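Trainee: structural data only, the sequence is not supplied:
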């Protein structure tokens, strides 16, 4: 199989009702949900739509990503959130770039031609600051080092040996790709406002974790 779309959910029933009908099943060989323990009917709705649901036992987005990779077999995996922040039509763009030969591709919310309708001033400042730090410490050239809407070759993801939890796998992937000198192809796009549910990002707590992650990754440069 060429690509699997891994849909990451935790209480996103409002979003999946609006977003998933826009995701064309022919875009990928397989579409699976990894659910972190939803209690709002997300799992039941996804099942009704005909999707396989993988139930996550260990909390956190990093564990969800790793579990989705472990439970699938395609050459590439694509991580997608149905909360409204990710445009379904960008899925096709990511896959097309993989077909053109790019091994890691992600959507940038802060590129030259990007627009984020969801990020406030604090979020925008934080993203730009951490992207700058990642670029400065690890020699990369990202415009958005913190977005999880990405496609990555399976063997590369597995080789990165991600460990972070519960937050920060997006930055960890960016850092470790930079260390390995894997280029990430960025696609400028729009980040719409989320649909329903609860916004799970807490700026100050996340900022502290991301700062520690950068320092740790720089001090302990080798991870294999």
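Mentor: That came through fine. No experiment lies behind these values; they were computed from the predicted model shown.
Trainee: can you classify the residue nearest the centre of the chain as helix, strand or coil?
Mentor: For the chain, residue 148 is the residue whose C-alpha lies nearest the centre (Cα atoms, centre = their mean; 2.0 Å). Classification of residue 148 using DSSP: H, G, I helix; E, B strand; the rest coil returns coil.
Trainee: identify the residue nearest it in space, chain neighbours excluded?
Mentor: Leaving aside its chain neighbours, residue 148 sits nearest to residue 170 (4.4 Å; criterion: Cβ to Cβ, 6 or more residues apart in numbering). For glycine as for every other residue, the C-beta is placed from the backbone atoms N, C-alpha and C.
Trainee: tell me where the model's unsure across this structure.
Mentor: Scanning the chain for pLDDT under 70 picks out the ranges 197-204, 224.
Trainee: those strands in it, which residues are they?
Mentor: Assigned by DSSP state E, the chain shows strands spanning 3-9, 30-35, 52-55, 76-80, 104-108, 115-116, 150-153, 185-188, 190-191.
Trainee: and the first one with strand 30-35, angle?
Mentor: Translated: strand 3-9. Between the axes of strand 3-9 and strand 30-35, defined by axes from the mean of the first three to the mean of the last three Cα atoms, to 10 degrees, the angle is 20 degrees.
Trainee: other residues contacting strand 3-9?
Mentor: With Cβ atoms under 8 Å, 6 or more residues apart in numbering as the test, strand 3-9 has contacts from 16, 20, 23, 27-36, 38, 42, 46, 51, 61, 64-65, 68-69, 72-82, 91, 95, 98, 148, 151.
Trainee: swap the cut-off to 7 Å and go again
Mentor: Contacting residues not belonging to strand 3-9 are listed as 16, 28-36, 38, 42, 61, 64, 68, 72, 74-82, 91, 95, 98 [Cβ atoms under 7 Å, 6 or more residues apart in numbering].
Trainee: tell me the angle of it relative to strand 76-80?
Mentor: Angle of strand 3-9 versus strand 76-80, following the same axes, to 10 degrees, is 30 degrees.
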